[in-house]
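>>> Show me the folded form of this:
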Amino acid sequence: MAAIWRVLVLTAALAGGIAGSQAPEFAQQYGQRLGGALGELEKVVAAFDADAAAHGLTRQEALATYAGSAEPFLRARGLSLAVTLARHDRLKEAEARFASTSELARPVLLVESRDGPVLDGTWAAFRPAVPFTFAGMVWFAVGACTVALALVLPARLLRRATGRTRPSDT
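From the prediction side, this is the model:
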């Protein structure tokens, strides 16, 4: 029975390691999507700023012009532009943090990702890969150890609580 348990733990740890090794790859694909989303928003923001400047307005003055319009459509358009500008600022901040974070720590940043659409899009399009990098190996070890500990520790606690020993312990 002990041999079966060891094989089970080893197999589960290997699966956990493989899953964990995907964290740097997922982060890399997230970074690509983040850059793409930011690039597209920068075009929208630049066009808005250029239109505002062509009419002698700052960005805030242009948004205030939309907000002060009697036309409901223009007020709504002003609100959607304000949301777009705020998202642009969030993505720009997220990209700067992502770029300044080590490859090893980038998967942790994804836990606190502030942009659901980029994270959701990354997950939907994610394609596993085998990252033969230092970060990939570390995350493999993290996944393997996490799964192995999740199996072994409760089993040992249960054995202690019940006073049982493994057949090989006798």
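>>> how close does A155 get to A148?
With distances taken as Cβ to Cβ, to the nearest Å, A155 is found 11 Å from A148. Using the backbone N, CA and C atoms, a C-beta is placed for each residue, glycine as well.
>>> higher neighbour count, those two?
Neighbour comparison, A155 and A148: the larger count goes to A148, with 17 against 13 (by other Cβ atoms under 10 Å).
>>> Just list the residues touching the more buried one, thanks.
A148 makes contact with V9, L10, A12, A13, G16, according to Cβ atoms under 8 Å, 6 or more residues apart in numbering.
>>> Which helix or strand lies directly C-terminal to the strand or helix carrying the third one?
When you say that, I think you mean A12. Element membership for A12, per DSSP states H and E: helix 2-54. Per DSSP H and E, the first helix or strand lying C-terminal to helix 2-54 is helix 59-67.
>>> So what touches that next one?
Outside helix 59-67, the residues within contact range by Cβ under 8 Å, 6+ apart are 48-49, 51-52, 55, 57, 74-75, 77-79, 81-82, 85.
>>> out of those, which are buried?
F48, A52, G78, L81, L85 (16 or more other Cβ atoms under 10 Å).
>>> Please identify the helix or strand for the fourth one.
With elements taken from DSSP H and E, the one containing L81 is helix 72-99.
>>> For that helix, buried residues please.
G78, L81, L85, R87, H88, L91, A94, E95, F98.
>>> so the third one touches V45, yeah?
Same thing as L85. Yes: in this structure, L85 is within contact of V45 by Cβ atoms under 8 Å, at 6.3 Å.
>>> so who does the most centrally placed residue in the chain touch?
Residue closest to the average C-alpha location in the chain (Cα atoms, centre = their mean): L110, at 2.6 Å. By Cβ under 8 Å, 6+ apart, the residues touching L110 are F26, A27, Y30, L119.
>>> Just the pLDDT at the last one, thanks.
Yep, that's L119 we're talking about. If you check L119, the pLDDT there is 91.
>>> secondary structure element for it?
Counting by DSSP H and E, L119 is found in helix 116-125.
>>> Which secondary structure elements does that helix sit against?
Judged by 3 or more Cβ pairs under 8 Å, 6 or more residues apart in numbering; DSSP states H and E, the packing partners of helix 116-125 are helix 2-54.
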